[in-house]
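1. Give me a model of this one.
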Amino acid sequence: MDTCSFSTSSTPCWRSSFPESLPINKARVPVQFCQSISFAGGNSQSLLGCRGYQKNCAPVIFCQQNRTSVLYARSIDEVYDALAKRLVPTAAAASNPNLKYIIGLAGSPGAGKSTLASEVVKRVNKLWPQKTPSLDSQVKQPDVAIAIPMDGFHLYRHQLDAMDNPKEAHARRGAPWTFDPTRLLQCLQALRSQGSVYVPSFDHGIGDPVEDDIFVSLQHKVVIVEGNYLLLEEGVWKEVQAIFNEKWFIEVDIDTAMERVRKRHISTGKPPELAKWRIEYNDRPNAELVNRFKHNADLVIRSIDF
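-> Sure thing, here's the model as predicted:
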């Protein structure tokens, strides 16, 4: 049965390009909130139910239609909150306390993956002690959630230099073939089997990975891995997918994403013309590739301006 609960709060919501109504169970229900997260192909037992959000006029709507759930929210902060509230009970209920709940968060350049991962991690860490009330409330609890950026698995510049066409390799840095998915897979497999692992970060100042810069420890229960190509189906990327408990995808209009990337390029000192060339030659083709594989996600998140 399709179910839906929604707030009747009079608080005004943002507007966006979303339609004024949404077909739910062959009926047309007014949409009060303007952004959505749709769950496609996920395990329905692990989806956050839509009942209970009517209490206290909560400013979100959860609707479930067969295997798809949709969350409507007024702001990106409410999206972050909803995702964290969904993750905490799922991860806390794991029968084996040593198991990790690992999420693969994909999306195009400029989609907002790093921001979303960071904000959800922050909220999970804040909410988690509420699930363990037996712990001493006066003692600061260790973090239980952490984010891993796929950027740390870029090939080094010296590896690009050794390719047949080094100039092209550097110009296309950020394309799938300029990463090391085999090493990413090995790190995630070690995390599954051993419960802890050191992973590299990426230093944009020097343009290379920083070895062993992030430590995922036994205490971490929720791990969000974020990167462009986590949902690709070719070669090792498909094996990487198999590691994740859930696969998320941030969907954003490609022109909006590229404008964010353009501003990011300029903020790092690139001249406007070089930023434009970089987008057309590298970032947009990469984004178009990433977007072709969003069907592999369990959860599709409609991006909101931050």
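2. How about residues contacting the strand or helix carrying residue 285?
-> Remark: residue 285 resides in helix 284-291, with elements defined by DSSP states H and E. Here helix 284-291 makes contact (CB atoms under 8 Å, 6 or more residues apart in numbering) with 106-110, 174-176, 228-229, 231-232, 251, 254, 257-258. From N, CA and C alone the C-beta is placed, and that goes for glycine too.
3. In that helix, which of the residues would be classed as buried?
-> Buried residues in helix 284-291, counting neighbours by 16 or more other CB atoms under 10 Å, are found at 284, 286, 287, 290, 291.
4. swap in stretch 204-222?
-> Along stretch 204-222, these residues count as buried under the neighbour rule (16+ other CB under 10 Å): 208, 209, 214, 216, 220, 221, 222.
5. Could you chop this protein up by domain?
-> Here the domain assignment for the chain is 1-74, 95-302, based on automatic domain parsing.
6. Pick the most deeply packed of these.
-> domain 95-302 (a mean of 17; mean count of other CB atoms under 10 Å).
7. So what's the gap between that domain and the chain middle?
-> Offset of domain 95-302 from its chain centre (CA atoms, centre = their mean, to the nearest Å): 8 Å.
8. so what does the lengthiest strand in the chain touch, helix or strand wise?
-> Secondary structure of the chain read by DSSP state E shows that its longest strand is strand 208-216. Judged by 3 or more CB pairs under 8 Å, 6 or more residues apart in numbering; DSSP states H and E, strand 208-216 is in contact with strand 145-149, strand 197-203.
9. hmm, 10 Å instead?
-> strand 145-149, helix 157-161, helix 181-194, strand 197-203 (3 or more CB pairs under 10 Å, 6 or more residues apart in numbering; DSSP states H and E).
10. Looks like residue 100 contacts residue 189 (just checking).
-> No. Counting by CB atoms under 10 Å, residue 100 does not reach residue 189; the two are 11.6 Å apart.
11. Look up the residues that both of these two are in contact with.
-> Common neighbours of residue 100 and residue 189 (criterion: CB atoms under 10 Å, 6 or more residues apart in numbering): 197, 243.
12. And the helices in the stretch 51-200 of the chain, which stretches?
-> Taking DSSP state H, counting those that start in this stretch, the helices of the stretch 51-200 of the chain run over residues 76-92, 113-127, 157-161, 166-171, 181-194.
13. Same list (the ones you listed) but as TSV, adding distance to residue 151 and mean pLDDT.
-> Output for the helices of the stretch 51-200 of the chain, formatted as TSV (distance: least, CB to CB, whole Å; pLDDT from 0 to 100):
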stretch	distance to residue 151	mean pLDDT
helix 76-92	21	87
helix 113-127	9	96
helix 157-161	14	97
helix 166-171	16	96
helix 181-194	11	97
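14. Nearest to residue 279, out of those?
-> Closest to residue 279 of the helices of the stretch 51-200 of the chain, according to CB to CB: helix 166-171, at 12.4 Å.
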